[in-house]
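A.B. asks: what follows is a predicted protein model with its sequence.
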Amino acid sequence: MELTPDQPEHRRIGVFGGAFDPPHAAHVALVQAALADLQLDQLFVVPTGQAWHKARALSPAHHRLAMARLAFADLPRVDVDPRETQRSGPSYTVDTLRELKAQWPDAELFLIMGEDQARALSSWHEWQEVLRLAIICVAEREDLTGASPQFIAQKSHESRFRRLQMPAMPVSATDIRTRIATHQCVAPLVFEPVARYIDDHHLYQTI
């Protein structure tokens, strides 16, 4: 993707990676929060290719890309980026960040993730380079039960982290796949165009 003449070189670019198997309402809410809170010029939704950290096989990449494009179609400044699905070998976030930085050297990158991902960040491939390349923006969901401990960045790295406030949304792709497999309704957890795509292509019928 090339910059057009009216786009400044110094840009604020968000990166939101994940399996998106399927993309759901909480994913969209997080992107909306990031666009507003971080004042992003552009946000890339990046479906993973080969997920090194997941035991289960993901749905084929072309389905996940198609569903992501449907889910985020109405959001301005958001593009679904297929680069990780086109890359051979395991999908590492650090490679995606390096590629984006090479495209836009003066851009400021913001990597958006949930608290569970933030807690596991030190297990990521070249995680310290991830911290160098991007500001880590952690979605802090309201938890009225107090059951989930809040993510706290290490003192030595806290300048590389920001928090995104999110409403409580108990939605998970795992639960959605289970509901579909057992013929339960998934509205409003999954938006109608995505639900229709899942039905048309008979996804998640058995898990």
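C.D. replies: Great, that's in hand.
A.B. asks: list the buried residues in the longest helix along the chain.
C.D. replies: If you go by DSSP state H, the chain has its longest helix at helix 25-38. For helix 25-38, burial by neighbour count (16 or more other CB atoms under 10 Å) applies to 25, 26, 27, 28, 29, 30, 31, 33, 34, 35, 38. All C-beta atoms are positioned from the backbone trio N, CA, C, and that covers glycine.
A.B. asks: low-confidence ranges in the protein?
C.D. replies: Along the chain, the model assigns pLDDT under 70 to residues 1-9, 53-55, 141-156, 207.
A.B. asks: returning to that earlier point: ok, so of the buried residues of helix 25-38, who is nearest residue 14?
C.D. replies: residue 34 (5.2 Å; CB to CB).
A.B. asks: what does the helix or strand where residue 70 lies rub up against?
C.D. replies: Following DSSP states H and E, one finds residue 70 within helix 61-71. Contacts to helix 61-71, defined as CB atoms under 8 Å, 6 or more residues apart in numbering, come from residues 19-24, 27-28, 45, 47, 49, 58, 80, 82, 85, 191, 193-194, 197-198, 201, 203.
A.B. asks: which of the residues you listed count as buried?
C.D. replies: 19-24, 27-28, 45, 47, 49, 58, 80, 82, 85, 191, 194, 197-198, 203.
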